[in-house]
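Asks: need a structure here:
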Amino acid sequence: PSGASKWNPIEHRAFSEIQKNWAGRPLTDYETVLNYISTTRTKTGLRVDAHLVQLNYPTGVKVSDKEMKDLSLRPHDTQPNRNY
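Replies: Numbers count the residues shown, from 1 in each chain. Just a heads-up that it's a prediction; the model follows:
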């Protein structure tokens, strides 16, 4: 689906169901978008949750090598190459 990361299988499963849920109806405002996303359900039990965050995030922020080293990151046991 458009807007989904080609490397993230979760996004592909969720976005296709969300797109089926709103099925061509106009997305006129944030409330409408959040409603369609929040009411998405699949036959296998997938439920999608969405929240609107209205914060201003600065652009161009650089993360130092020390800050990256200090992060507590470790690969997942099942799919280590899927970590972000």
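Asks: Name the SS class of the residue in the chain sticking out farthest from the centre, please.
Replies: Centroid-distance maximum for the chain: K66 at 27.6 Å, with CA atoms, centre = their mean. With DSSP: H, G, I helix; E, B strand; the rest coil as the basis, K66 sits in helix.
Asks: This protein: helices as residue ranges?
Replies: 9-22, 30-38, 65-70 (DSSP state H).
Asks: T78: which of those helices is closest?
Replies: In terms of CB to CB, the element of the helices of the chain nearest to T78 is helix 9-22, at 12.0 Å. Bear in mind the C-beta positions are built from the backbone N, C-alpha and C, glycine included.
Asks: list the buried ones in that closest one?
Replies: 13-15, 17-19, 21-22 (16 or more other CB atoms under 10 Å).
Asks: picking up where we left off before, redo the helices of the chain as a markdown table? Include distance to L55 and mean pLDDT.
Replies: Shown next, in a markdown table, are these (distance: least, CB to CB, whole Å; pLDDT from 0 to 100):
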| stretch | distance to L55 | mean pLDDT |
| --- | --- | --- |
| helix 9-22 | 22 | 76 |
| helix 30-38 | 14 | 90 |
| helix 65-70 | 20 | 92 |
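Asks: follow-up on the earlier one: quick check: of the buried residues of helix 9-22, which lies closest to T59?
Replies: Nearest to T59 among those, with distances taken as CB to CB, is F15, at 25.1 Å.
Asks: circling back to that earlier point, could you dump the helices of the chain to CSV with distance to R82?
Replies: Output for the helices of the chain, formatted as CSV (distance: least, CB to CB, whole Å):
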stretch, distance to R82
helix 9-22, 8
helix 30-38, 22
helix 65-70, 19
